[in-house]
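K.L.:
Fold the following.
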Amino acid sequence: MIKIFTFFLTISIVFLQNTLAQSNGVNKIIDSLETNTIPVRDKITFLEKNIATAESPREKMEFAAYLGDVYSDIEVYDKAYLNYTKALQIAQKKQLTNNIGSYYEDLGRIQLRIGNLESSLDFHTKAYGIFHKADNQKRKSIAAANIAVLQSRIGPIEKAILTLKKFSENKNTDNRSKANTLMTLGNIYLEKLEIPIKAINYYTDALTLLNDTPDRTLQIMLLQNIAEAEIALKKYDTALKYNKKSEDILTQYPNLELQASLHKFYAEIHHAKKHYKQAYNHLNLQQKYNDSLANTATLLKIANINTIKELEKHQANIVLQKNKVNALERDKIISNLKMTILLISLLLLGLITYLFIKKSRSRIKTLRSEKIEITDKLDFNKNKIKKMALNISTSQEYVESFSGKIKETLSHISDKKSKTEITKLLHDLQSYKIINDNKKELKTYLSKVNDEYLFNLTKKHPSLTKEEQHLCSLIFLSLKNKDIANLLSLSVRSIENKRYRIRKKMNLSTTQSLNTTLNNL
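P.N.:
From the prediction side, this is the model:
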């Protein structure tokens, strides 16, 4: 019964899975892989990618160990061995004692599965030494039990019995492990030493321990082992009773392998009692369950073969991808070389620029002074323009007011000669030369001040006409509509209409100010 002899190894694996991943990130990833239904090929691809890109050696170690578990499950033992070895090397380098012991146990389990018992014993002995050094009593006891199981198969049996007894009496050992140890001792006495009475004692003690920690599979195995021992003692009624108890549990917790052994013992009991028909029926049922087991194993092997083929194909793709990556790496090196040359060139250029800037500092100071002087002149001209515009506006108003009074006076004069003279004076007043000269001077100043402003205005609003640009310049100087109308010899209504058209071309909403928009230019 290989399953029985390797039960301690299973305990070791379960313990390892609970303690392997200490990093929360890796732990979550592994838990996700365990709980979600992911194809084995995709799981392996994911793990290999994480091993290649892991940020820390510990993460790489944990992913490699889990990948070893995956390969072991599909019976690709060479890959499993390789990944466990990789995890072990990292653990040794980082001096992670418990991990080192766990990976030795994994390697021992792989060697056991391929039939290398001596090599398996060697790895479990190393694991025992590691846990002894770390003073990890629980893991040390499990390692000792694994060694005893192997010793029971390759000898000496006496030494294996002694080790298993010590393990069963150890206070640090839980009841389930003790029960498994006692069952292994019973198996040795039943199968190796052929002392069924002694075997029954160990099996019974093991059943008693399972009352507090029920393990249905282990319970069934123990009941069937007692039945087998009772058959060896030719106590067929007692054997039938224990076999029936195991059957009662199997109806609730079915297991193909245990159901096959159940009917095997029934067949032996009924045959011994000369109930041949019943024995024959149970043999048929045993064969049925054995066939189901064989079919399940065959299907699993086929699935594993298909997975291996997919993995081989995937590995070929990985090699191809690696070649592409190597080509990209070469291109990257060349690119880095080019970048280095470019950086050196930039540094040289920066040095030359620095020297040029240093040499040009005096020139920059001069230009700053000139800029300040030009700015002052522009501000002066702007203020002068504003004053001139106001003066022209005031003069224009005065002339219009005075002209109105003369026209009123002219209406009361009857003398033709006087009327003609006054009319001539009125005409001269309306063509007031000073106002026209001021307007010409204003245009000259406007052309000086507004070059940059008009450039920005034209760039932002190219649809404006020159007349509209000129009006925008006057609005920019904060002149009122009335003053602008006097300057341009237009009515206030005309100025308002022109402002409306300008707003429309600028796409201004009713809440946006034209003055603010022009000032922001």
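K.L.:
What distance do you get for the residue lying farthest from the centre of the chain to Lys459?
P.N.:
Farthest-out residue of the chain from its mean C-alpha position, per C-alpha atoms, centre = their mean: Asp415, at 105.6 Å. To Lys459, Asp415 is 62 Å away according to C-beta to C-beta, to the nearest Å. Heads up, the C-betas are built off the backbone N, CA and C, glycines and all.
K.L.:
now Asn486
P.N.:
Asn486 is 30 Å from Lys459, by C-beta to C-beta.
K.L.:
Between those two, which has more neighbouring residues?
P.N.:
Shown here are Asn486 and Lys459; by other C-beta atoms under 10 Å, Asn486 has more neighbours (25 against 9).
K.L.:
And this structure, split by domain according to the record?
P.N.:
Annotated domains of the chain cover 1-173, 379-520 [automatic domain parsing].
K.L.:
Which of those comes out lowest on mean pLDDT?
P.N.:
Among those, domain 379-520 has the lowest mean pLDDT, at a mean of 74.
K.L.:
follow-up on the earlier one: against Thr423, how distant is the residue farthest from the centre of the chain?
P.N.:
Asp415 is 12 Å from Thr423, by C-beta to C-beta.
K.L.:
Regarding Asn462, what is its secondary structure?
P.N.:
I think there's a mix-up here, since residue 462 is Pro and not Asn. coil (DSSP: H, G, I helix; E, B strand; the rest coil).
K.L.:
isn't Tyr189 right up against Tyr203?
P.N.:
No. Contact criterion C-beta atoms under 8 Å: Tyr189 and Tyr203 do not qualify, at 9.6 Å.
K.L.:
the more surrounded of those two?
P.N.:
Each of Tyr189 and Tyr203 has its neighbours counted (other C-beta under 10 Å); Tyr203 has more, 29 against 21.
K.L.:
Report the contact partners of that one.
P.N.:
Tyr203 is in contact with 182-183, 186, 222, 225-226, 229, counting by C-beta atoms under 8 Å, 6 or more residues apart in numbering.
K.L.:
how about a cut-off of 6 Å?
P.N.:
186, 222, 225-226 (C-beta atoms under 6 Å, 6 or more residues apart in numbering).
K.L.:
most tightly surrounded among the domains of the chain?
P.N.:
Highest mean neighbour count among the domains of the chain (mean count of other C-beta atoms under 10 Å): domain 1-173, with a mean of 18.
K.L.:
Mind giving me the packing neighbours of the top helix by length along the chain?
P.N.:
Taking DSSP state H as the criterion, the chain has its longest helix at helix 276-359. Packing partners of helix 276-359 (3 or more C-beta pairs under 6 Å, 6 or more residues apart in numbering; DSSP states H and E): helix 256-272.
K.L.:
State the mean pLDDT of the helix it packs on.
P.N.:
Rounded mean pLDDT across helix 256-272 is 93.
K.L.:
ok, and what's touching that helix?
P.N.:
In contact with helix 256-272 (C-beta under 6 Å, 6+ apart) are residues 220, 224, 227, 231, 236, 239-240, 243, 247, 250, 278-279, 282-283, 285-286, 289-290, 292-293.
K.L.:
Name all residues that make contact with Leu285.
P.N.:
By C-beta under 6 Å, 6+ apart, Leu285 lies in contact with His263.
K.L.:
For Leu121, see how far away Glu158 is.
P.N.:
16 Å.
K.L.:
about what we covered before: will you turn the contacts of Tyr203 into JSON lines that also has secondary structure and distance to Ile406?
P.N.:
Putting the contacts of Tyr203 into JSON lines (DSSP: H, G, I helix; E, B strand; the rest coil; distance: C-beta to C-beta, whole Å) gives the following:
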{"residue": "Gly186", "secondary structure": "helix", "distance to Ile406": "141"}
{"residue": "Leu222", "secondary structure": "helix", "distance to Ile406": "136"}
{"residue": "Asn225", "secondary structure": "helix", "distance to Ile406": "140"}
{"residue": "Ile226", "secondary structure": "helix", "distance to Ile406": "143"}
